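Enquirer: I'd like to go over a predicted model; first the sequence, then the structure.
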Amino acid sequence: MSQPLTRISTLNLVLETPKGRGVFATALIPAGTVIDTAPVLLLSERDFDEHVTHTSLLHYSYNWPTPTDDGKSSVLRQAIVLGLGSMFNHSARRQNVGWKRNLEKQVVVYTALRDIAKGEELLISYGPHLTFVDAEEAMWQRGREAESGEDFLGGIEV
Ligand SMILES: C[S@@+](CC[C@H](N)C(=O)[O-])C[C@H]1O[C@@H](n2cnc3c(N)ncnc32)[C@H](O)[C@@H]1O
């Protein structure tokens with residue numbers, strides 16, 4: 001069994017963003033483009049619970065449903081995505097990259113959900129349970145408050 005590996009070259013890793021490092025497009029990435037195929041390191045439950053949870057690797061792990069030995073059900077284990085998969089930041093509202101697990105081949109495939117313009121950050125959804133304060137949501141909320149004048153009104157003593 002083998003798996004072709006794909007990674008487009010028109011990407012830049014920006015080191016200082018409000019979310020730490022992030023991946024940005026250096027040219028238009030057309031919708032549907034496979035951006036990266038990233039192998040994963042599947043962790044045993046014990047390694048994860050006893051070791052990884054005490055390290056910063058915790059913030060880089062993906063849920064990984066794994067079939068039980070009898071193949072009748074699955075348990076949720078954790079996997080570290082090697083390569084770019086660990087560099088994509090999260091956005092609840094502006095995600096432009098979709099990701100799909102290939103459980104059998106133990107890779108995650110990242111695909112452009114729409115055209116991604118030159119200079120745009122590549123963003124995925126981590127889902128609803130975050131282990132950090134979402135900088136994008138905070139910015140979005142501030143934008144809304146500024147638009148509705150709440151910021152301004154909040155500053156006036158009445
Ligand atoms: C998988 S890493 C992504 C790469 C990371 N920025 C880095 O420099 O290694 C996940 C971490 O990135 C940061 N991050 C990702 N999305 C974020 C967001 N929307 N707001 C704030 N921090 C974010 C958080 O520190 C999170 O634990």
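Expert: Looks like it came in fine.
Enquirer: Spatially nearest residue to L41 (excluding sequence neighbours)?
Expert: Residue nearest to L41 in three dimensions, not counting chain neighbours: I80, with 4.5 Å by C-beta to C-beta, 6 or more residues apart in numbering. (Glycine included, C-beta is placed from N, CA and C.)
Enquirer: L42 too?
Expert: A79 (4.8 Å).
Enquirer: isn't the one you found right up against Y62?
Expert: Yes - using C-beta atoms under 8 Å, A79 is in contact with Y62, at 5.2 Å.
Enquirer: ok, these two, which is more surrounded?
Expert: A count of neighbours by other C-beta atoms under 10 Å puts A79 above the other of A79 and Y62, at 22 against 18.
Enquirer: Wasn't that one part of a strand?
Expert: Yes - in this structure, A79 lies within a strand as judged by DSSP: H, G, I helix; E, B strand; the rest coil.
Enquirer: what residues are up against it?
Expert: Residues in contact with A79 (C-beta atoms under 8 Å, 6 or more residues apart in numbering) are 40-43, 61-62, 64, 106.
Enquirer: tell me the phi and psi of D47?
Expert: phi -60, psi -40 (degrees, to the nearest 10).
Enquirer: burial measure for Y110, as a count.
Expert: 26.
Enquirer: Pull the contacting residues for it.
Expert: 34-38, 84-85, 88, 97-99, 124.
Enquirer: The residue nearest to L42 and the ligand, how far apart?
Expert: A79 sits at a distance of 12 Å from the ligand (criterion: C-beta to the nearest ligand atom, to the nearest Å).
Enquirer: Please consider this matter closed, and thank you.
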